[in-house]
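Student: coords please:
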Amino acid sequence: MAESGEKPWVLLIGGSFNPLHVGHLRIAIESREMLNPDLTLFIPTASPPHKPDASLLPFSERCDMLRQSLALLPEEWNMAVSEVENERSGPSYTVDTLDVLAERFPDNRLVFVMGGEDYANLSTWSRWRELVIHADLAIVPRKEHGSESFDAVTVALWPGALPLERPLPMVAHGFALPGCGRILYLPQPLLMISSSLVRQRFVTGRSLDFMVPAPVLAGLEKEADSIRSSWKAEQRPGL
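Tutor: Numbers count the residues shown, from 1 in each chain. This next block holds a predicted model:
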């Protein structure tokens, strides 16, 4: 939760959501419980710069699946979908998105949630040093990228970062950055589910029950033939 005297927070969950799975929702729920934001926004990427888009479901379909899935959650959790990244052409750079959202939420402090794997590769992102101008970063564990990786990456990217003297009540630890911004580490259950795993299992006809929300499964089955065709090229055996 925002400390006394701070602006209330808006939690940002970005991703391709191709498709949305239960791991995405658990990250949002766990992060919300630890930070108690006013609003949680899911931000589907329109044109991810780090990933090929040949197998990317249409933006409108991904947004529809998200909205239908969030509708199953308690209304008081205040989770919504933002189409901000579809409002401009070209690659969907996070720094540009934060620039826009900072203008739209002048009375809030943004908190952008990242997986540990993405955080470890942050130096490859466009204008990555500017991310913390408008938002704190909240890092969640991902695969082998846990708390030790978080500490090492933070110190390497921001040599002047200092450990927070008084972490938030449900936050393990974090760093204050020189000038502005904070990097927080949010421990949570590690679910070994990914969108790529969901795509592989769907192509091979394996069950997705309890891996994706019911509206996502219904949407995939509705257009099963065309979706399997577009996802088949990336299929890998054994999963």
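
Student: and the residue nearest to Ala176 when sequence neighbours are not counted, how far from Glu103?
Tutor: Nearest non-adjacent residue to Ala176, counting by C-beta to C-beta, 6 or more residues apart in numbering: Leu162, 5.1 Å away. Glycine gets a C-beta too; all of them are placed from N, C-alpha and C. Note on Leu162: its distance to Glu103, by C-beta to C-beta, to the nearest Å, is 29 Å.

Student: same deal with Met79?
Tutor: For Met79, the distance to Glu103 - C-beta to C-beta - is 22 Å.

Student: cool, Arg201 as well?
Tutor: Applying C-beta to C-beta, the value for Arg201 to Glu103 is 40 Å.

Student: who has more neighbours, these two?
Tutor: Ranked by neighbour count (other C-beta atoms under 10 Å), Arg201 and Glu103 place Arg201 first, with 16 against 9.

Student: which residue comes closest to the more buried one once chain neighbours are left out?
Tutor: Computed as C-beta to C-beta, 6+ apart, the closest residue to Arg201 that is not its neighbour in sequence is Leu208, at 6.0 Å.

Student: next, give phi and psi for the one you found.
Tutor: Per-residue torsions, Leu208: phi -110, psi 10 (degrees, to the nearest 10).

Student: hey, C-alpha coordinates of stretch 147-165 in PDB?
Tutor: Extracted C-alpha coordinates of stretch 147-165, given in PDB (Å, rounded to 0.1, in the frame of the first residue of the first chain):
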ATOM      1  CA  SER A 147      15.500 -12.900  -4.900                       C
ATOM      2  CA  GLU A 148      19.300 -13.400  -5.400                       C
ATOM      3  CA  SER A 149      18.900 -12.600  -9.100                       C
ATOM      4  CA  PHE A 150      16.800  -9.500  -8.200                       C
ATOM      5  CA  ASP A 151      19.500  -8.100  -5.900                       C
ATOM      6  CA  ALA A 152      22.300  -8.800  -8.400                       C
ATOM      7  CA  VAL A 153      20.400  -7.300 -11.400                       C
ATOM      8  CA  THR A 154      19.400  -4.200  -9.400                       C
ATOM      9  CA  VAL A 155      22.900  -3.400  -8.200                       C
ATOM     10  CA  ALA A 156      24.300  -4.000 -11.700                       C
ATOM     11  CA  LEU A 157      21.800  -1.700 -13.400                       C
ATOM     12  CA  TRP A 158      21.700   1.000 -10.700                       C
ATOM     13  CA  PRO A 159      25.100   1.000  -8.800                       C
ATOM     14  CA  GLY A 160      23.800   3.700  -6.500                       C
ATOM     15  CA  ALA A 161      20.700   1.800  -5.400                       C
ATOM     16  CA  LEU A 162      20.300   1.500  -1.600                       C
ATOM     17  CA  PRO A 163      18.300  -1.200   0.200                       C
ATOM     18  CA  LEU A 164      15.100   0.100   1.600                       C
ATOM     19  CA  GLU A 165      15.300   0.700   5.300                       C
END
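
Student: what sits up against that stretch?
Tutor: 116, 119-120, 122-123, 128, 139, 141, 172-178, 182-183, 185, 187 (C-beta atoms under 8 Å, 6 or more residues apart in numbering).

Student: do the same with stretch 220-235
Tutor: 19, 54-55, 57, 61, 196, 199-200, 202-204, 208, 212.

Student: from these, which land in helices?
Tutor: 61, 196, 199-200, 202-203 (DSSP state H).

Student: any of those buried? List them.
Tutor: Among these, those classed as buried by 16 or more other C-beta atoms under 10 Å are 61, 199-200, 202-203.

Student: distance check, the closest residue to Ser123 other than its chain neighbours against Lys232.
Tutor: Nearest residue to Ser123 in three dimensions, chain neighbours excluded: Leu157, at 6.6 Å (C-beta to C-beta, 6+ apart). Going from Leu157 to Lys232 by C-beta to C-beta gives 38 Å.
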